[in-house]
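**Q** Build me a model:
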Amino acid sequence: MNAQDPVEAALGVRPVPGTPRPFTFPAAARSRLSGGLALVTVHLPGRPLVSASLYLPNGAVDEPAGEGGATVLTARALTEGTLHRDAVAMTEAAERLGASLRAEAGWDATVVGVDVPAERLGPALELLAELVREPAFPEREVERLRDQRLNDLLQAKVDPARRAEEAFIETIYAAGTPYARVAGGRRETVETLDADILRRAYGRRGDPDRAVLIIGGDLANLDVAGLVEPLFGDLAVPGAGSGASAALPVVEDGLDRSRVRLVHRPGAVQSELRVGHLGLPRRSPDYHAVTVMAMILGGLFNSRLNMKLREEKGYTYGAGAGYDFRRFAGPFSARAAVNTDATVPALADLLAELRRIREATPSDAEMRAARDYLVGVFPLRFETPGPIVAALGGLVTFGLPADELDRYRPAIDAVTAADVLAAARSHLHVERLAVIVVGDADAVGADLEKAGIGDVEVVREPDPVAEEA
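**A** A predicted model of the protein is given here:
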């Protein structure tokens, strides 16, 4: 009998994860401009593309209910021109510098920034200052962007995954809570938005301590403070000089028991599933333990949910779960799309996994896989200046300590199986869950009722396409 070929033998060996490499998050220098705006710089040798971002304390969570979507639309309109240049002239000015201007808004902040080669940072910051200080919000462009958003909302109605997300947040948050809608707003508020509302939204009062200008890249031989001070030193940050910060938004739980909402899609061959409840804010004391727990439950390919629903039962192409950490308590959700005939069995297995992770400590293999992944992937996120700047912006946005990014990997590595079990028992509330199914109610409704998960509400909506026509 011939000995096995060494090459064939090597090909038959399954690779194992290596040991995570050491990593230190780049050091940042912190100061303040003459007007009080925080300035953070991070020197990254050999990274000639510099990223500069101004974080403004102006998020969708802070906007009045009647103006839902204004903050996101405002950010999109920022790059459509200033008092001195229209959108085309602004784009051409940026292109001559090899720069890219950007503006976006989320739940917690509005971010306006520019990416540019280091040798042209000065003129690029001048463009950024013009964009921030003198936005025009042209009526025609605002109307165009508003119409685009309305069309997007129409598409969301016919997309089962997006409809499931919308129904889910409407269920887990109390009515009137900002998080009970998507950040981009609902149709009834978006269609009322105009340039005046956007100007008011841009100047809305916020917490000035959450405003910061962050610049990262190869800053050698650059006098960054000297470049920034004339442009942003007297910038009027929303909330500065007001004597008090804006009132904090109210984020309320909308669940007192388990509820099932079945959104009817006649003839649907699949059901979109969302299961969960109110989650946690980013500043939760046991954030790292919760993160590891969520990875074991539904964050990895070999997570419990994916192994059960995909690998063992073949119900879905993928199942997952996790927390959306925000300034205030964002949602926790488990999710999957399954064939219609597997809807109730898949829900039963999903709920069983939520209960199981609360009942016994995870295995050594599960702990090692989750920790090694989180620790190992962390440095890969920070290979370019943009993500490094964004991570530093998150510290200010969420009110986290300056050493949070340095502590992340050791803190994850220190999480124990007992910590994971405690996090699951504290933060997974299996007795009050929102269960959302977007699928054929005529095919699965009776079985959902028999399953006894909770009170079943069937939502039968008009065809959105026919309704629009």
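**Q** Run through this protein and note the low-pLDDT ranges.
**A** 1-20, 205, 236-247, 463-469 (pLDDT under 70).
**Q** quick one, domains of it?
**A** 29-232, 259-468 (automatic domain parsing).
**Q** Going by neighbour count, which residues in the helix or strand harbouring Glu165 are buried?
**A** Element membership for Glu165 (DSSP states H and E) is helix 160-172. For helix 160-172, the buried set under the neighbour-count rule, 16 or more other C-beta atoms under 10 Å, comprises Pro160, Arg162, Arg163, Ala164, Glu165, Glu166, Ala167, Phe168, Ile169, Glu170, Thr171, Ile172. To be clear about C-beta, it is placed using only N, CA and C from the backbone, and glycine gets the same treatment.
**Q** Can you dump the C-alpha atoms of it in CSV for me?
**A** Output of helix 160-172 as CSV, limited to C-alpha atoms (Å, rounded to 0.1, in the frame of the first residue of the first chain):
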residue,chain,number,x,y,z
PRO,A,160,-40.8,42.0,2.3
ALA,A,161,-37.5,42.5,4.2
ARG,A,162,-37.9,46.3,4.6
ARG,A,163,-41.6,45.9,5.4
ALA,A,164,-40.7,43.4,8.2
GLU,A,165,-38.2,45.9,9.6
GLU,A,166,-40.7,48.7,9.6
ALA,A,167,-43.4,46.5,11.3
PHE,A,168,-40.9,45.3,13.8
ILE,A,169,-39.8,48.8,15.1
GLU,A,170,-43.4,50.0,15.1
THR,A,171,-44.2,47.1,17.4
ILE,A,172,-41.3,47.2,19.9
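**Q** which element follows that helix toward the C-terminus?
**A** helix 187-190.
**Q** Let me see the contact set for Ala70.
**A** Glu63, Gly185, Thr189, Leu193, Ile197, Leu198, Ala201 (C-beta atoms under 8 Å, 6 or more residues apart in numbering).
**Q** rerun at 10 Å
**A** Neighbouring residues of Ala70 by C-beta atoms under 10 Å, 6 or more residues apart in numbering: 60, 63-64, 105, 184-185, 189-190, 192-194, 197-198, 200-202, 204.
**Q** Separate out the buried members of those residues.
**A** Among these, the ones that count as buried by 16+ other C-beta under 10 Å are 60, 63, 105, 184-185, 189-190, 193, 197-198, 201-202, 204.
**Q** the strands in the stretch 301-450 of the chain, which residues?
**A** Along the stretch 301-450 of the chain, counting by DSSP state E, counting those that start in this stretch, strands occupy 319-323, 331-339, 434-439.
**Q** right, and the ones you listed - which one's nearest Glu312?
**A** strand 319-323 (11.0 Å; C-beta to C-beta).
**Q** can I get the CA coordinates of stretch 453-461 in CSV?
**A** Taking Å, rounded to 0.1, in the frame of the first residue of the first chain, the C-alpha atoms of stretch 453-461 are listed here in CSV:
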residue,chain,number,x,y,z
ILE,A,453,-46.6,32.5,20.8
GLY,A,454,-48.7,35.5,21.5
ASP,A,455,-51.8,37.4,20.4
VAL,A,456,-51.8,37.3,16.5
GLU,A,457,-52.7,40.5,14.6
VAL,A,458,-53.2,40.0,10.9
VAL,A,459,-52.4,43.2,8.9
ARG,A,460,-54.0,43.2,5.4
GLU,A,461,-52.7,46.1,3.4
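**Q** how about that stretch: buried residues?
**A** Ile453, Gly454, Val456.
**Q** do the same with stretch 127-144
**A** Leu127, Leu128, Ala129, Glu130, Leu131, Val132, Pro135, Ala136, Phe137, Pro138, Glu141, Val142.
**Q** Render the CA-only coordinates of it in PDB, please.
**A** The C-alpha trace of stretch 127-144 is given here as PDB (Å, rounded to 0.1, in the frame of the first residue of the first chain):
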ATOM      1  CA  LEU A 127     -14.600  73.700   0.500                       C
ATOM      2  CA  LEU A 128     -15.700  71.800   3.600                       C
ATOM      3  CA  ALA A 129     -16.100  75.000   5.600                       C
ATOM      4  CA  GLU A 130     -18.100  76.600   2.800                       C
ATOM      5  CA  LEU A 131     -20.400  73.600   2.700                       C
ATOM      6  CA  VAL A 132     -20.900  73.600   6.500                       C
ATOM      7  CA  ARG A 133     -21.200  77.300   7.000                       C
ATOM      8  CA  GLU A 134     -23.100  78.500   3.900                       C
ATOM      9  CA  PRO A 135     -25.400  75.700   2.600                       C
ATOM     10  CA  ALA A 136     -28.000  76.900   0.200                       C
ATOM     11  CA  PHE A 137     -30.600  74.200   0.200                       C
ATOM     12  CA  PRO A 138     -31.900  75.100  -3.300                       C
ATOM     13  CA  GLU A 139     -35.700  74.600  -3.600                       C
ATOM     14  CA  ARG A 140     -35.400  72.500  -6.800                       C
ATOM     15  CA  GLU A 141     -32.800  70.200  -5.400                       C
ATOM     16  CA  VAL A 142     -34.700  69.700  -2.200                       C
ATOM     17  CA  GLU A 143     -37.800  68.800  -4.100                       C
ATOM     18  CA  ARG A 144     -35.900  66.300  -6.200                       C
END
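**Q** Kindly tell me how buried Leu350 is, as a neighbour count.
**A** By other C-beta atoms under 10 Å, 26 other residues sit near Leu350.
**Q** no, scratch that, I was asking about Thr24
**A** Using other C-beta under 10 Å, Thr24 has 9 neighbouring residues.
**Q** Chain neighbours aside, what residue packs nearest to it?
**A** In space, and not counting its chain neighbours, Thr24 is closest to Asp406: 7.0 Å by C-beta to C-beta, 6 or more residues apart in numbering.
**Q** I'd guessed that neighbour sits against Phe25; true?
**A** Yes - counting by C-beta atoms under 10 Å, Asp406 does reach Phe25; the two are 5.4 Å apart.
**Q** ok, Val430 - contacts?
**A** By C-beta under 10 Å, 6+ apart, Val430 lies in contact with Ser258, Val275, His277, Leu351, Ala352, Leu354, Arg355, Ile357, Arg358, Ala424.
**Q** Which strands or helices does the helix or strand where the second one lies pack on?
**A** I take that to be Val275. Here Val275, judged by DSSP H and E, is contained in strand 270-278. Here strand 270-278 touches helix 160-172, strand 259-264, strand 319-323, strand 331-339, helix 343-356, strand 434-439, helix 441-451, going by 3 or more C-beta pairs under 10 Å, 6 or more residues apart in numbering; DSSP states H and E.
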